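Asks: here is my input; please provide its structure:
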Amino acid sequence: MQTEFESVNCLICGGEDHQRISDKGAHGFPVHVVICRKCGLVFLNPRWSAERYRKFYETEYDQFYRGESGGEETVFQIVERLKAGNFLPVNPGKILDIGSGKGASLTYLKNHHYPEAQYFAIEPSVICQEVLKQNGIELVADQIEKNWEDGYQEEFDFVIMRHVLEHFMDPILVLKKVKSVLKHNGLLYIAVPNALNPSAPLSNHFRNVHTFYFNKWTISNALRLAGLETSVILEGDHFQKHELVCFVVKNDSEPAAINISQNQVDTQLNVYLDILSAENSLPSIIKRKLKKILFLHKNR
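Replies: Coordinates of the predicted model:
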C-alpha cells in the first residue's frame, strides 16, 4: 500500500536534491534507492514507515534474511580484526550487541574469550528474543528507538553493530545513543556493506531493510555528527571484501563538521551506474543521461 511509504530528506546534510539509482531489490520487495547530490549519501526514498518496519522485523525478517546472518565463523572474523588492529578489549565488564539475532556473537565471546563478562542485546525478532533468554543474555530493548540508553549511561566496554547500522531509520540518533552508553575508553565495532564495493548483483545488494548504503566518507560524516571518532576504517579484507569495517571511539569534543566533496558524490554514483550498466539493468543511453544531469547540476 502506498500509505506504507514516507519520503525523507538526506540524513547527513538535510538536502532534498536526490538522484534515483534503482528500484530493484532483493526478494521482490519495493526499494527506491537514491543518492544525495550534495553529500553522496545513498538511501531509500521513499521508504517504508517506521510502523511497517517494526512489524516486518518482529515477524517477517527471519524468513527472508536470518539465514544469511553469520554464526561462529563471523564472530571469529570480528575477533581477528580486533586483534590485528590491537583493538581487542581486555577484560570487558559489559558487552552489548545491537541487532544481535540469536546471540551468536555474544555466545562466542563468552565461550572463548570473556567468560566473566555480562552480555546484553537489542533485538526486535520475537523468535530471537526467546533464544537470547535461554542463553542468559539480557534483552536491553526490543526496539532501538526506545529510551533504553537512559539506564545504561557509560556502562559498556564494548558495543557490536555488525550489519545493523544500515537498517535504522535514523542511524545518527542511534549512534548518539551508543555514544552515551560507551565508557570513556569503550570501543564500538561497526560493519556494514561497502557502497563503493557492493556485492553482485545489485538487485540483492539493494534491500527493503537497508535504508542506508554507506561508504567510507558518508559513514565518517555520520559518526562525526554523532560525536564519535573513527580510529580505523577497513574497506574489505581477506574475510569479507565487500564489507566496510570501523573501529570507533568516543570523542569528548563537540560534534565535528561534515566533510563533503563533489568528487566523492561522483565516485559513488559512478560505482552504481557502472555496475548497473554491466548487468544490463540500465541501458547506456540512460546512464549517459544521468551523468549529464549530474554534470549540469555541478555547473549550475
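
Asks: need the contact partners of stretch 157-165.
Replies: 69-70, 74, 78, 89, 92-100, 105, 171, 174-175, 178, 181-183, 185-193, 212, 214, 219 (C-beta atoms under 8 Å, 6 or more residues apart in numbering). Every residue, glycine included, has its C-beta placed from N, CA and C.

Asks: same question for that stretch, mean pLDDT?
Replies: Across stretch 157-165, pLDDT averages out at 97.

Asks: which residues sit in contact with the residue nearest to residue 267 when sequence neighbours are not counted?
Replies: Using C-beta to C-beta, 6 or more residues apart in numbering and skipping the chain neighbours, the partner closest in space to residue 267 is residue 196 (7.2 Å). Taking C-beta under 8 Å, 6+ apart, we find residue 196 in contact with 215-216, 235, 244, 267-268, 271.

Asks: mind doing that once more with 7 Å?
Replies: By C-beta atoms under 7 Å, 6 or more residues apart in numbering, the contact set of residue 196 is 215, 268, 271.

Asks: so where is this protein shaky, pLDDT-wise?
Replies: 1-3, 67-71, 280-300 (pLDDT under 70).

Asks: so what secondary structure elements neighbour the lengthiest strand in it?
Replies: When the chain is parsed with DSSP state E, its longest strand is strand 182-193. Helices and strands touching strand 182-193, by 3 or more C-beta pairs under 7 Å, 6 or more residues apart in numbering; DSSP states H and E, are strand 156-162, strand 243-250.

Asks: list only buried entries from the contacts of residue 196.
Replies: 215, 268, 271 (16 or more other C-beta atoms under 10 Å).

Asks: distance to residue 230 added to the residues you listed, as TSV?
Replies: As requested, these are exported to TSV (distance: C-beta to C-beta, whole Å):
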residue	distance to residue 230
215	13
268	18
271	21
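
Asks: go through those residues and flag which are in helices.
Replies: Here DSSP state H is the test, and the buried ones among the contacts of residue 196 give 268, 271 as lying in helices.

Asks: so which of the buried ones among the contacts of residue 196 comes closest to residue 45?
Replies: residue 268 (15.4 Å; C-beta to C-beta).

Asks: now do the contacts for the closest one.
Replies: Residues near residue 268 by C-beta under 7 Å, 6+ apart: 35, 40, 42, 195-196, 215.

Asks: strands along the stretch 1-150 of the chain, start to end?
Replies: Counting by DSSP state E, counting those that start in this stretch, one finds strands in the stretch 1-150 of the chain at the ranges 5-6, 18-22, 33-36, 42-44, 47-48, 94-98, 118-122, 138-141.

Asks: closest to residue 223 out of those?
Replies: That would be strand 94-98 among the strands of the stretch 1-150 of the chain, by C-beta to C-beta, at 15.0 Å.

Asks: the closest residue to residue 121 other than its chain neighbours: how many residues sit nearby?
Replies: Distance criterion C-beta to C-beta, 6+ apart; nearest residue to residue 121, sequence neighbours excluded, is residue 100 at 3.7 Å. For residue 100, the neighbour count with other C-beta atoms under 10 Å is 28.

Asks: also residue 82?
Replies: Neighbours around residue 82, by other C-beta under 10 Å: 18.

Asks: quick one, helices of the stretch 51-200 of the chain?
Replies: 61-65, 72-84, 104-112, 126-134, 171-181 (DSSP state H, counting those that start in this stretch).

Asks: ok, residue 272 - contacts?
Replies: Per C-beta under 7 Å, 6+ apart, neighbours of residue 272: 21, 202.

Asks: ignore what I typed, I meant residue 118.
Replies: Here residue 118 is in contact with 93-94 (C-beta under 7 Å, 6+ apart).

Asks: bridging residues for it?
Replies: residue 94 (DSSP bridges).
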